[in-house]
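> This is the structure alone, sequence omitted:
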């Protein structure tokens, strides 16, 4: 099955499960951060869209623990960058209907939370097909090493994701049932 058909199938599944309140345990997430001894305090998150895992509570709690939070802004030519954001800051809606910060403070996170359409046991990620995260990861990793953490529901797991040369592997994937590394 090609990526487009897989995407459609999983997005429909996510929509059908939207009211079942699957959630990544905050305790599990913080335990994961402590266990891996991440001494990094700059985090890039995302604003949940299209029934993705909601990371806003994680971002809010991490900000209270002293983390600097950022969200992506989509730019021309399928590019994106991250900009400082706080839970109390206003947002604007981009052309895809996704809320973005209005901040002009560009920010390079050390830890990146990434939404997924699908994933496999090899830490491969299936996104929406625009390549935004793949291009961002390639660009930022020329400057510094970042920790890439995918957030997904366990039912989004696939046996195998068809890959292209541009697809970037993640370092971890966290679901409500497991942590892959």
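All right, it came through fine. Everything numeric here is computed off the predicted structure, so don't read it as measured data.
> ok, which stretches of this structure are helices?
Counting by DSSP state H, the segments of the chain that form helices are 3-16, 26-35, 56-64, 132-140.
> Mind putting these into a markdown table with distance to residue 159, mean pLDDT and mean neighbour count?
In short, each C-beta sits where N, CA and C put it, glycine included. As requested, these are arranged in a markdown table below (distance: least, Cβ to Cβ, whole Å; pLDDT from 0 to 100; neighbours: other Cβ atoms under 10 Å):
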| stretch | distance to residue 159 | mean pLDDT | mean neighbour count |
| --- | --- | --- | --- |
| helix 3-16 | 11 | 76 | 14 |
| helix 26-35 | 24 | 74 | 14 |
| helix 56-64 | 28 | 90 | 16 |
| helix 132-140 | 21 | 94 | 18 |
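> could the ones you listed be laid out in a markdown table, adding distance to residue 121?
A markdown table is the format used below for these (distance: least, Cβ to Cβ, whole Å):
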| stretch | distance to residue 121 |
| --- | --- |
| helix 3-16 | 16 |
| helix 26-35 | 18 |
| helix 56-64 | 23 |
| helix 132-140 | 19 |
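> Mind checking these for the one nearest to residue 181?
Nearest of the helices of the chain to residue 181, taken as Cβ to Cβ: helix 26-35 at 9.4 Å.
> Can you tell me which helices and strands that closest one packs against?
Using 3 or more Cβ pairs under 8 Å, 6 or more residues apart in numbering; DSSP states H and E as the contact test, the elements touching helix 26-35 are helix 56-64, strand 172-174.
> got the buried residues for the shortest one?
So that's strand 172-174. By neighbour count on 16 or more other Cβ atoms under 10 Å, the buried set for strand 172-174 is 172-174.
> picking that back up, same list, the helices and strands packed on helix 26-35, but as CSV with distance to residue 45 please.
Shown next, in CSV, are these (distance: least, Cβ to Cβ, whole Å):
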stretch, distance to residue 45
helix 56-64, 5
strand 172-174, 13
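> So for residue 103, which of the ones you listed sits nearest?
From the helices and strands packed on helix 26-35, taking Cβ to Cβ, the stretch that ends up closest is helix 56-64, at 13.9 Å.
> Find the residue closest to the one residue sitting closest to the centre of the chain in space, skipping its chain neighbours.
In the chain, the centroid-proximal residue (Cα atoms, centre = their mean) is residue 114; its distance is 1.3 Å. Using Cβ to Cβ, 6 or more residues apart in numbering and skipping the chain neighbours, the partner closest in space to residue 114 is residue 150 (5.0 Å).
> list the contacts for the residue nearest to the centre of the chain?
46, 125, 133, 148-151, 170 (Cβ atoms under 8 Å, 6 or more residues apart in numbering).
> how far away is the closest residue to residue 138 other than its chain neighbours from residue 78?
Closest residue in space to residue 138, ignoring its immediate chain neighbours: residue 168 at 6.7 Å, by Cβ to Cβ, 6+ apart. Relative to residue 78, residue 168 is positioned 14 Å away (Cβ to Cβ, to the nearest Å).
> Many thanks, have a good one.
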